[in-house]
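Asker: structure, please.
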Amino acid sequence: MRASAGVAIVAALVGCNTPDLGAAGRAEAQANVTPVVQAYCPQVVIRTDTGFHRAYAGKAAEGDDSKLIYQASFADVTRSCTANESTLTINVMAQGRIVAGAAGKTGDVTLPVLVEVVDGNDVIYSQKVAFNAAIPPEGSGQFIFQKPDVSIPNAAGGASRFTTVRIGFDTGKAAPKKPARRG
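Answerer: Coordinates of the predicted model:
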């Protein structure tokens with residue numbers, strides 16, 4: 001009985017002397033845990049038809065390089081995913097470049113970024129993002145675009161292997177609509 005009482009006292013003293021790690025300590029402890037892949041995370045691709053964007057001074061000036069305000073393009077993409085039983089959330093990131101044109105100047109511009117998730121031929125997520133980027137005094141620079149909340153339905157094992165995230169610039173031209181199916 002004395003031995004068990006002694007063990008209890010020692011355990012209590014050790015517990016009292018253990019520092020409280022707080023939120024930062026708990027976050028660090030969790031960061032040391034090896035991540036486990038729980039679901040398929042769809043690949044991100046840059047759209048070949050809208051992976052670059054040019055802005056001109058006036059609609060009639062389109063194609064006139066002397067009226068070019070800026071040109072932006074995407075160069076590289078990546079993603080990470082988290083999943084629960086019903087939703088797969090994709091954190092989409094893209095690195096791009098912006099260059100001032102002949103009619104451009106330094107400062108902030110708004111890029112019309114379009115993020116889509118397609119499964120085969122079906123668009124299951126689409127959102128246009130007004131992204132602010134800066135043209136530096138040198139006339140050209142890089143930007144990092146991030147959209148951390150792209151959420152799609154989660155199937156068992158993650159997204160379909162035919163699911164892809166596409167990123168590009170919104171050209172304002174509507175895609176042709178498919179005829180409605182009669183059922």
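Asker: for the strand or helix carrying residue 164, what is the average pLDDT?
Answerer: Using DSSP states H and E, residue 164 sits in strand 163-169. The pLDDT scores in strand 163-169 average 96.
Asker: for that strand, name the packing helices and strands.
Answerer: strand 43-46, strand 68-83, strand 87-100, strand 107-119, strand 140-153 (3 or more C-beta pairs under 8 Å, 6 or more residues apart in numbering; DSSP states H and E). Using the backbone N, CA and C atoms, a C-beta is placed for each residue, glycine as well.
Asker: so residue 145 makes contact with residue 93?
Answerer: Yes: with contact defined as C-beta atoms under 8 Å, residue 145 reaches residue 93; the gap is 6.9 Å.
Asker: more crowded one of those two?
Answerer: residue 145 (19 against 16; other C-beta atoms under 10 Å).
Asker: re earlier: the helices and strands packed on strand 163-169: which one's closest to residue 160?
Answerer: Nearest to residue 160 among the helices and strands packed on strand 163-169 is strand 107-119 (5.3 Å), distances taken as C-beta to C-beta.
Asker: what pairs with that closest one, and is each one parallel or antiparallel?
Answerer: strand 122-135 (antiparallel), strand 163-169 (antiparallel) (DSSP bridges).
Asker: mind listing what's buried in it?
Answerer: 109, 111-119 (16 or more other C-beta atoms under 10 Å).
Asker: and that strand, how far from the chain's centre?
Answerer: Between the centre of strand 107-119 and the centre of its chain there are 10 Å (C-alpha atoms, centre = their mean, to the nearest Å).
Asker: if I pick residue 172, what's in contact with it?
Answerer: Contacts for residue 172 (C-beta atoms under 8 Å, 6 or more residues apart in numbering) come out as residue 112.
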